[in-house]
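> heads up, no residue letters with this:
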């Protein structure tokens with residue numbers, strides 16, 4: 001079998017694998033990685049259309065990644081570019097056609113598009129060959145753009161992308177677009193569920209749950225890698241975890257508005273009712289059909305448990321809230337330490353971090369310095385100390401997610 005035939009076979013195999021991924025963010029990251037692999041590109045970016053602009057969603061760079069300590073992820077700046085013919089990615093989106101350039105520093109003055117070298121200067125990298133391919137639906141709607149950079153030959157030399165590369169990435173992009181449409185529909189359904197909760201509790205906004213879910217996936221990635229969990233299992237779990245984390249507070253739809261929308265502090269009785277949102281949420285996922293249902297139930301039930309056993313709801317039936325193990329006063333014994341499932345521990349940390357940085361009717365937003373100091377102080381009491389250590393080791397990635405789903409969009 002020739003090299004080109006082998007590449008085509010691998011590309012076709014990937015089509016079915018992409019259709020198994022349900023979360024849009026996880027899918028976009030995978031699409032970019034596999035598009036680069038198809039043509040042996042050293043780096044690349046993937047953009048998503050947002051009105052009249054393209055927003056960078058992920059950036060990858062093998063050369064820059066290799067220079068980082070093991071386990072540390074490449075950090076990229078979140079930015080947007082207009083959908084017009086002035087930039088390379090903008091041109092592909094505006095025209096709906098692929099654009100291949102041998103050397104972005106040698107673009108003729110007569111070309112309508114140009115290359116902004118400031119991105120290379122910031123990254124300390126030299127882009128040369130570049131191929132931008134639109135993610136185009138069968139109705140010619142542009143969902144985004146895949147941009148692959150610096151194709152390498154078998155000797156590791158940067159070479160131009162050829163016509164076969166363009167055809168392969170275009171084929172891949174067409175099939176990736178179908179998977180992306182499905183994943184975006186799944187995301188839309190989840191966000192509608194979040195909006196139902198938001199009607200009851202204004203704190204449960206789309207940006208908030210996307211940040212919490214994004215943080216949770218990054219923490220899980222680092223933890224699972226440390227634990228030696230196989231890469232394929234990590235890939236599958238992070239897809240389901242991201243969606244499950246978005247629904248961590250979905251049980252609040254069962255709480256009375258009198259309590260949920262109260263502007264001040266809760267009375268002890270009101271607090272007790274509020275705490276039922278954990279098992280009320282878990283009830284939604286009792287009839288499990290998939291790993292997503294399993295993780296969603298675990299997260300909903302356990303994201304308010306504390307490492308030292310002082311959290312809630314404790315040892316209760318996840319469907320009825322019936323206490324299974326009681327303290328002397330009749331309250332449920334809290335889950336403690338490793339009794340708390342790892343996914344509950346992870347989402348607890350992610351949720352508190354975002355809540356501290358956000359303004360509420362009863363408090364102002366904390367500064368990042370105040371928030372990080374509090375996170376450290378809660379290691380070993382509220383949080384799993386190992387997860388706090390992991391959280392601080394991946395803080396640059398956490399900040400990137402915070403920028404991506406900014407609080408400005410919540411307040412607009």
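Structure received. This is a predicted model, so every value here is computed, not measured. Numbers count the residues shown, from 1 in each chain.

> Quickly list the domain ranges of this structure.
Domains of the chain are assigned by automatic domain parsing as 3-183, 201-411.

> Show me what counts as buried in the helix or strand hosting residue 60.
Secondary structure assignment for residue 60, by DSSP states H and E: strand 53-61. Of all the residues in strand 53-61, those buried under the rule 16 or more other CB atoms under 10 Å are 53-54, 56-61. (Each C-beta comes from the backbone N, C-alpha and C, glycine too.)

> Could you give the average pLDDT over the helix or strand that comes right after that strand?
Using DSSP H and E, the helix or strand that directly follows strand 53-61 along the chain is helix 62-66. The average pLDDT for helix 62-66 rounds to 94.

> Check stretch 155-174 too.
Model confidence over stretch 155-174 averages 94 on the pLDDT scale.

> Distance from the chain centre to it, please.
Relative to the centre of its chain, stretch 155-174 is centred 27 Å away, using CA atoms, centre = their mean, to the nearest Å.

> same deal with stretch 33-52?
Centroid separation for stretch 33-52 versus its chain: 16 Å, with CA atoms, centre = their mean.

> Pull up the distance across it, start to finish.
26 Å (CA to CA, to the nearest Å).

> Next: stretch 276-292.
Chord length of stretch 276-292, first to last residue, is 22 Å (CA to CA).

> before we move on, what about stretch 378-390?
End residues of stretch 378-390 are separated by 14 Å (CA to CA).

> which residues of this protein score low on pLDDT?
1-16, 197-205, 361-362, 407-412 (pLDDT under 70).

> Let me see the ranges of the strands in it.
41-50, 53-61, 80-82, 99-101, 130-136, 142-152, 158-159 (DSSP state E).

> which stretch among the ones you listed comes nearest residue 402?
Proximity of the strands of the chain to residue 402 was assessed by CB to CB; the nearest stretch is strand 53-61, lying at 15.0 Å.

> Turn the domains of the chain into CSV, columns for distance to residue 190.
Listed next are the domains of the chain as CSV, based on distance: least, CB to CB, whole Å:
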stretch, distance to residue 190
domain 3-183, 9
domain 201-411, 5
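
> Go through the ones you listed and name the closest to residue 191.
It's domain 201-411; of those, that one is closest to residue 191 (CB to CB) at 5.3 Å.

> which residues are in contact with the strand holding residue 60?
Strand 53-61 is contacted from outside by 25, 28-29, 32-33, 36, 42-48, 74, 76-83, 89-90, 93, 123, 125, 144-145, 149, 404, using CB atoms under 8 Å, 6 or more residues apart in numbering.

> Could you check the angle that strand makes with strand 41-50?
160 degrees (axes from the mean of the first three to the mean of the last three CA atoms, to 10 degrees).

> separation between residue 125 and residue 119?
Distance check for residue 125 against residue 119: by CB to CB, to the nearest Å, it reads 8 Å.

> excluding its backbone neighbours, what's nearest the spatially most central residue of the chain?
For the chain, residue 214 is the residue whose C-alpha lies nearest the centre (CA atoms, centre = their mean; 3.8 Å). Nearest non-adjacent residue to residue 214, counting by CB to CB, 6 or more residues apart in numbering: residue 401, 3.8 Å away.

> Can you report how many residues neighbour that neighbour?
21 (other CB atoms under 10 Å).

> Could you do residue 70 as well?
By the measure other CB under 10 Å, the count of residues near residue 70 is 5.

> contacting residues for the residue nearest to the centre of the chain?
Residue 214 is in contact with 25, 242, 401, 404-405, counting by CB under 8 Å, 6+ apart.

> how far away is it from residue 26?
10 Å.

> Contacts only, for residue 102.
Applying CB under 8 Å, 6+ apart, the residues near residue 102 are 128-129, 160.

> What does it show for phi and psi?
Phi and psi for residue 102, reported as degrees, to the nearest 10, are phi -70, psi -40.
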